[in-house]
Structures are given as C-alpha cells and as structure tokens.
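S.K.: A predicted structure for the sequence below; I have some questions about it.
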Amino acid sequence: ACDRAIAVTSNNLANNLLELATRTPEQDALMLAAAEAAREFWLKAGNWENEERAEYLLALVNHKLGKHDAALAHAGRGLEVIAANGEEVVDEAFLNLAAAAAYQGKGDKAGYAKSLARADELAQGFADQGLKDWFAGERAKVAK
C-alpha cells in the first residue's frame, strides 16, 4: 500500500510541475525525480499499464527539460511494454505524440512525421469526444 501511495503521489507531483508555465531549476530537478520515483514505485505496486504510463510521463518530462534522446527512449519503452502485454490504443497514441515531440526537439523531421502519423492513425478510432478533444489539444502542442 505504501508503494502505491508513493507511486501516485510522485506521479501527481511530476504532472503538476509539468503543467507549470515556468519552473525554477530546483522544480525541474524535482519534476524529474518525482517522475523517476513514480516509475520505480509503479513497477513495485502497479501493472503493465502503470509501467507504460510512467514511461509516458518520463517522456514528457524529459522532453520538457530538453533531453530529447531520453524522452525518445522512454516513449519507446512505453510502446514496448504495450506490445509485450496487450493493447492500449489510447496510450499508444499519446506515446507516439510524445515521441513526435522529442523527434521535433531533435530536429528529426522524418521521425517526427512518422510518429505523428501513427498517433493520428490510432486516434482515428477514438469514440469518446472528450478523448478526441484531449488528443487534439495535446497534438496541437506538438504540431506547432
């Protein structure tokens, strides 16, 4: 129960810091440490979906910090976890968006286009309007 509580708290802290318009260097370090702790404790207390979502969070955090290679590695690990365990179309779409953002940060136009196209392809199957809107909002951040 404690491991789960740490995973949830760390996840929420990293997400809250990620959403800030500006952060101090100390907040950046805390955001990364919290995202890493979330992954560590989800591996102990969660399932494969928690693991791939922790990788997604780490991809977002590392991209925000300008660590595009690390962001790509985490997005790739998240996609590998999905491929090894089952189907999670929504998460796969968002992991591809995270990869596209990282490729964009690296200036890799081909990687960006491929990941963005895959994210769009997956999102075509979203039935829920709220989910479609969320995807569109996140996509707009990547496709700027």
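M.R.: Perfect, thanks for sending it. Because the structure is predicted, anything quoted here is derived from the model rather than measured.
S.K.: what sits up against stretch 59-73?
M.R.: Here stretch 59-73 makes contact (CB atoms under 8 Å, 6 or more residues apart in numbering) with 14, 18, 28, 31-32, 35, 58, 74-75, 78, 95, 98-99, 101-103, 105-106. From N, CA and C alone the C-beta is placed, and that goes for glycine too.
S.K.: from the contact counts, what lies against the top helix by length along the chain?
M.R.: When the chain is parsed with DSSP state H, its longest helix is helix 25-45. Here helix 25-45 touches helix 2-18, helix 48-64, going by 3 or more CB pairs under 8 Å, 6 or more residues apart in numbering; DSSP states H and E.
S.K.: what angle separates that helix from helix 48-64?
M.R.: 160 degrees (axes from the mean of the first three to the mean of the last three CA atoms, to 10 degrees).
S.K.: show me which residues of helix 25-45 are buried.
M.R.: For helix 25-45, the neighbour count (16 or more other CB atoms under 10 Å) marks 28, 31-32, 34-39, 41-42, 45 as buried.
S.K.: what mean pLDDT does that helix get?
M.R.: Average pLDDT, helix 25-45: 98.
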